[in-house]
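Colleague: fold the following, please.
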Amino acid sequence: MRSSVRRFDAFQRRRPWAGVPVAVVYKFAEDQGGYLAALIAFYGFLSVFPLLLLLVSVLGFVLHGDPAAQRQVLHSALSQFPVIGDQIGENIRSFKGSPLAVAAGALGGLYGVLGVAQAAQNALAKVWAVPRYVRPDPFRARLRSLLAVLVLGAGLVASTALAALSAQTSSFGEHFGAAPRLVAALLSVALNAALVLAAFRVLGPRTVTWRPLGGTAACAAVLWHGVQWAGTFYVRHELTGTTATYGLFGIVLGLVTWIYLGALIFVLAAETASVRARRLWPRSLLTPFTDHVTLSAADQRAYTSYAMTETFKGFERVEVSFEPPPVRRRPGARPAAEEEDDGDVGGADVE
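Modeller: Okay, here's the model as predicted:
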């Protein structure tokens, strides 16, 4: 068993295509990426219903004489949630055209989207190991979040318009083949990649260059488009005629799941960019499971960055050092003389 582990460890250290995913998974776990994604998803859930309420109300005023155009725009927005979009639309339409709904949607949506931006900003700071004293103060952080909301909001409007165009191309596809739908899908992926890249640049640290972000943003966009396609396929082939029976519970559960998947893709993309840019691979395969392991250079860089991330003041000094790993004793062997406890914890010296 140990020899198999050692062989696989040596294998993944020599090959980037194997070592980088291992390092991304380890760093995701060490950064508690699941909790970072859950916080983004929580605020995302708070913002969806107010924003949809605002959208329906604005459509009721702007397109008052064109119900067909209202349905098309709303359907394009709800197509981002293929599993539960129809149920959301049926439950949100009753408020259209209400001034109170506009006010409630605007305030609730603003609170939610600012929370999403703040949670994403915190996640990117954690992923890129930004020391706490370098992060923007609460006022500048919220101004940056507001800028991100404006930029990404414009992108989402464009995404909704593209979804409406994609819906129109489905009728052309019957006459001209799959080319129009393929073009619409490629444009959608490109737009989503631009939105992810914009989020990385606006909400992330300014010291990060464009190079490690472009590829991961494109991969995140492709992955998100694949998740949307899978959801649409599942609805058409498994849930046709049955989605309405799930009611409010189905809406909430499906919406939370859908938003969490998007947040998870965002955090994983950021972790991948960080691992590649800061050369946090190859990691030792057994590092998360035992202290009886020799740390690689990437392990030491990662653990050092975690300590530096928690520095709250610019005049706070933290020094990290690593001692040799403890020697594993054989069962029944006589224990070596124990050394005196000198107060060090985990091989790290903190001043």
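Colleague: residue 292 in helix, strand or coil?
Modeller: coil (DSSP: H, G, I helix; E, B strand; the rest coil).
Colleague: any idea how far the residue nearest to it when sequence neighbours are not counted lies from residue 299?
Modeller: Sequence neighbours aside, residue 328 is the residue nearest to residue 292 in space, at 4.7 Å (criterion: CB to CB, 6 or more residues apart in numbering). C-beta: built from backbone N, CA, C; applies to glycine. With distances taken as CB to CB, to the nearest Å, residue 328 is found 18 Å from residue 299.
Colleague: with residue 266 instead?
Modeller: For residue 266, the distance to residue 299 - CB to CB - is 26 Å.
Colleague: residue 1 too?
Modeller: Distance from residue 1 to residue 299, by CB to CB: 22 Å.
Colleague: then residue 218?
Modeller: Taken as CB to CB, the span from residue 218 to residue 299 is 29 Å.
Colleague: neighbour count: these two, which is higher?
Modeller: Comparing residue 218 with residue 299 by other CB atoms under 10 Å, the one with more neighbours is residue 299, at 21 against 18.
Colleague: for that one, give me its contacts.
Modeller: 283-284, 287 (CB atoms under 8 Å, 6 or more residues apart in numbering).
Colleague: top of those by neighbour count?
Modeller: residue 283 leads these on contacts (other CB under 10 Å) with 27 neighbours.
Colleague: contact partners for it?
Modeller: Residue 283 touches 19, 22-23, 26, 296, 298-299, 302, counting by CB under 8 Å, 6+ apart.
Colleague: and these, which is closest to residue 132?
Modeller: Set against residue 132, the nearest of the contacts of residue 283 by CB to CB is residue 302 (17.9 Å).
Colleague: is it true that the closest one touches residue 31?
Modeller: No: shown here, residue 302 and residue 31 do not form a contact pair, counting by CB atoms under 8 Å, at 9.7 Å.
Colleague: so for these two, which sits in the more crowded spot?
Modeller: Using other CB under 10 Å as the criterion, residue 302 and residue 31 rank with residue 302 on top: 24 against 21.
Colleague: how near is residue 187 to residue 31?
Modeller: Counting by CB to CB, the gap from residue 187 to residue 31 is 33 Å.
Colleague: again but with residue 207, I slipped
Modeller: Counting by CB to CB, the gap from residue 207 to residue 31 is 18 Å.
Colleague: likewise residue 107?
Modeller: 33 Å.
Colleague: go on, residue 21?
Modeller: 16 Å.
Colleague: how about the helices in the stretch 251-351 of the chain?
Modeller: Ranges of helices in the stretch 251-351 of the chain, per DSSP state H, counting those that start in this stretch, are 297-309.
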